[in-house]
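**Q** Model the following, please.
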Amino acid sequence: MDPSTSSGPSDTPTPPPSISSPEDAASLSELGYTQQLHRGIGPYASFASGFSFVSILTTVFALFALGYGLGGAAFFWTWPIVFVCQFCVCLVFAELSGKFPVAGAIYQWSRRLAGNTVGWFAGWFMLIGYIVSVAALAIAMQSVLPSIWSGFQLVGSDTALSSTSGATNGIILGSITIAICTVISALGVSLMGKITVIGVTIEIIGVVVLVGALFFTAQRSPAAAVTSTEGHGSGSHYIWAFLASMVMAAYVMYGFDSAAELSEETNNPRKTAPKAIINALLVSFVGGGLMILAALMAAPSLGAPELSTDGIAWVITSQLDTVLGKILLIIVAIAIFSATLAIQASASRVMFSMARDNRLPFGSFLAQVNVRTGTPINTGIVVSALAIAILLVNYGQAGLFAALTSVSVVIVYIAYLMVTVPALLHRLRGTSLSYGKPILDLGRFGLPVNIIAVVMGAALTINVGWPRAEVYDPEGTSWFLHYFSIIFTAATLIVGFVAFQMVKNLPGAPEPTDALVASTKKDA
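**A** Here you go, the predicted model:
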C-alpha cells in the first residue's frame, strides 16, 4: 500500500518546490513516498554527516588505549584490514544509496532487497544500535570537558566515569548534550547541516594539527613504531591478541552510511549520497590511520603502561605544549558534539522511516512531520529520551554501560549484513543494484566487492561480538558482562520478534519487491 494514498501523516500535501526540487520529489515518489521532509543538505553537509558519525578525533582518541592494550603497537595493522572490509560494505551501500535515496537507509535497502521481515529486523537492529551510540558519544563529554575547565565538574571532584561523582556528572553533561542536539535537529535540517559542517571542518583541522604536532615530536621511525607486540606473543601465538585488538578499528569504522539516512533531506541525493558515503570513510581511514601512527611514533616509550590506560591523551600531555593540548581537547569536545548530533539525526530518521510504513507502535504519532521545519520532531524527542534513559545505566554500573556500548557495534554490524547478504544474492541472480552508470555502478567489480563485504563483514561481526573478558568484563567480576554480547544480541532479537508480531500485518509500506523490480526495469 502506498503511504501517499493511506491515512495518517502521509496525507500531508506535497511541499512547495522551494524546499524540494520537482526532480527530487518525483524521484521519491517513484519509491512510493510523498515529499514531506525539507531538503537543505548539500554535498559537503552530506559528507559531514557521515564523517561526523565516524568522528575519528573522538573515537580514535578514546579507543587507542583499548587497541594498544590488547595487541601492542602492532595493532596498527588491524586498521587497514578492517578498512578493506568496511570499504567493500561502503561501496555496496553507496550503490544502493543511488538506487534507493530514502530516509532510514539500512531499513529501506534491506526490505527492498529481502522483503519486509528481514528489512524490519535490519531497521530494528540499526535503531537500537544508534540509540545506544547516542548515549555513548554524549557521555564521552565527561572525559573531555572537566579537563578543559574544572567548572564542568558539577558533581563531586572525581572525574573518572567509574566513580560515583564522575558517572553522575557524565550523565548530566551527556543529557545536556543530547537535549541541545534535539533542539537543533527540531529547528530544521538546514541549521543542523550548517552546525555539522562547522563541527566537521574544525575536527578535520584538529586532526591535521594533532598529526602534524605528533610527527614533529616523533621519537622513532614508522617501521619501528608498528612492529612491537609489547609482550603479547609472537608469530602464531600473537594472532589471538591481534584479533582482539581489531575491535578498536571495528568500533571506529562504521556509521558512514548516515549520509544516506538523510537522503530525503539532501539535494540531488542520487548523486550526492554515494559520494558522501565513500568520501566519509576514505577521509576517516586516512586521518585515523595517521593519528594512530603519529601517536605510536611520538610516544615517549612504547613500553609505557600509560599507552594502555590513557592512550593518545598521555602522548599529548607528555609531548605537546599545555596550551596546544587544551586547544585540541576543545576540538575533541566539538567533535563529540557534532557526532552526537549526527547520530541522533540518523536514529530519528530510521524511526521515522519505519513509523511512516506503520512498522512501529504509535506509528502515526512518530511519523508526524512538523510543517514549518520539515523535520520529524516526535522521533527526535523519543530517540533522545531513550538515549538519556540508557545514560542512567552508567550510574553505579560503569562496567555494564561499557559492555552495552561495545555490543551496540555488534548490533549495527548484523544490520549491515542484512543488506550485504541479500544484495549478494541479487547480484548472483543478475539483478542490477545500480541506478545507472552516471550515478554509481560497480559493474563487474560488484560481485567480488559484495563477496568480500559479506565474508569479512560476518567474520568481523563474530570477532567483535566474541565474549572476551578483556573487552566486556575487564574487571573479571561478572559472567553476565563476560557474555553480554551474546545475551544482549539474543534479547534484542527476542524483543524485536515480539514487536514485529504486533505490526507485521498493518498496512502502510509500499511493496518492496515491486519497488525493486520497477527500479530494475528502469535500469534496463
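
**Q** ok, and the closest non-adjacent residue to K275?
**A** Closest residue in space to K275, ignoring its immediate chain neighbours: P43 at 6.9 Å, by C-beta to C-beta, 6 or more residues apart in numbering. Glycine gets a C-beta too; all of them are placed from N, C-alpha and C.

**Q** That neighbour and S97: what is the separation?
**A** To S97, P43 is 13 Å away according to C-beta to C-beta, to the nearest Å.

**Q** higher neighbour count, these two?
**A** Neighbour count, other C-beta atoms under 10 Å: between P43 and S97, S97 has more, with 32 against 17.

**Q** That one is in contact with P269, isn't it?
**A** Yes. Between S97 and P269 a contact is recorded at 7.3 Å, counting by C-beta atoms under 8 Å.

**Q** Return every residue with contacts to both of the two.
**A** Jointly contacting S97 and P269 under the rule C-beta atoms under 8 Å, 6 or more residues apart in numbering are 260, 263.

**Q** Tell me how many other residues surround the residue lying closest to N267 once chain neighbours are set aside.
**A** Among residues not flanking N267 along the chain, R39 sits closest, at 5.3 Å (C-beta to C-beta, 6+ apart). Applying other C-beta under 10 Å, we find 25 residues neighbouring R39.

**Q** do you know how far the residue nearest to I148 when sequence neighbours are not counted is from T375?
**A** Using C-beta to C-beta, 6+ apart and skipping the chain neighbours, the partner closest in space to I148 is L329 (5.2 Å). The span separating L329 from T375 equals 32 Å under the rule C-beta to C-beta.

**Q** between the two, which one's more packed in?
**A** More crowded of L329 and T375, by other C-beta under 10 Å: T375, with 26 against 20.

**Q** list the contacts for that one?
**A** So T375 contacts 37-38, 185-189, 369 (C-beta under 8 Å, 6+ apart).

**Q** In helices, which of those residues appear?
**A** 185-186, 189 (DSSP state H).

**Q** Can you classify the most centrally placed residue in the chain by secondary structure?
**A** Residue closest to the average C-alpha location in the chain (C-alpha atoms, centre = their mean): G255, at 2.6 Å. Going by DSSP: H, G, I helix; E, B strand; the rest coil, the secondary structure assigned to G255 is coil.

**Q** now it: how far from V412?
**A** Separation of G255 from V412 (C-beta to C-beta) stands at 8 Å.

**Q** can you list residues touching both of those two?
**A** Both G255 and V412 are contacted by S133, under the criterion C-beta under 8 Å, 6+ apart.

**Q** List the buried residues for the longest helix along the chain?
**A** The longest helix of the chain (DSSP H) is helix 322-356. By neighbour count with 16 or more other C-beta atoms under 10 Å, helix 322-356 contains the buried residues 325, 327-356.

**Q** residues in contact with I336?
**A** Applying C-beta under 8 Å, 6+ apart to I336 gives the contacts 55, 58, 137-138, 140-141, 144, 177.

**Q** which ones among the residues you listed are found in helices?
**A** The helices, defined by DSSP H, take in 58, 137-138, 177 from the contacts of I336.

**Q** Tell me the one of those residues nearest A304?
**A** Nearest to A304 among the ones in helices among the contacts of I336, counting by C-beta to C-beta, is T58 at 23.2 Å.

**Q** Could I get the pLDDT score of that closest one?
**A** Note for T58: predicted pLDDT of 86.

**Q** ok, it - contacts?
**A** 137, 140, 332, 335-336, 339.

**Q** ok, 6 Å please
**A** Taking C-beta atoms under 6 Å, 6 or more residues apart in numbering as the criterion, T58 is in contact with 335-336, 339.

**Q** got TSV for those, with pLDDT too?
**A** Converted to TSV, the contacts of T58 look like this (pLDDT from 0 to 100):
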residue	pLDDT
A335	93
I336	93
A339	92
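
**Q** What about K437, how many residues nearby?
**A** K437, neighbours per other C-beta under 10 Å, totals 9.

**Q** cool, and A385?
**A** The burial count for A385: 13, using other C-beta under 10 Å.

**Q** So for S348, what's the pLDDT?
**A** Note on S348: pLDDT of 96.

**Q** If you could redo that for F76, that was the one I meant.
**A** As predicted, F76 sits at a pLDDT of 96.

**Q** How about the secondary structure of it?
**A** Here F76 is helix, with the state taken from three-state DSSP.

**Q** Run a quick neighbour tally on it.
**A** Neighbour count for F76, taken as other C-beta under 10 Å: 23.

**Q** again with Y416
**A** Y416: 27 surrounding residues under other C-beta under 10 Å.

**Q** Shouldn't A62 be within a helix?
**A** Yes. A62 forms part of a helix when assessed by three-state DSSP.

**Q** Model confidence for the closest residue to it other than its chain neighbours, exactly?
**A** Once flanking residues are discounted, A62 sits nearest to A140: 6.2 Å by C-beta to C-beta, 6+ apart. A140 carries a pLDDT value of 87.

**Q** got it, and T14?
**A** 43.

**Q** and if you look at the one 5 residues further on?
**A** Looking at I19, its pLDDT reads 66.

**Q** Show me the helices in the stretch 1-150 of the chain, by range?
**A** In the stretch 1-150 of the chain, the helices defined using DSSP state H, counting those that start in this stretch lie at 22-30, 43-54, 56-71, 78-99, 105-114, 116-139, 145-148.

**Q** Likewise for the stretch 151-300 of the chain?
**A** Counting by DSSP H, counting those that start in this stretch, the helices of the stretch 151-300 of the chain are 164-186, 189-216, 222-225, 239-252, 258-261, 269-298.

**Q** mind checking which of those is nearest W479?
**A** It is, among the helices of the stretch 151-300 of the chain and with distance given as C-beta to C-beta, helix 239-252, at 19.0 Å.
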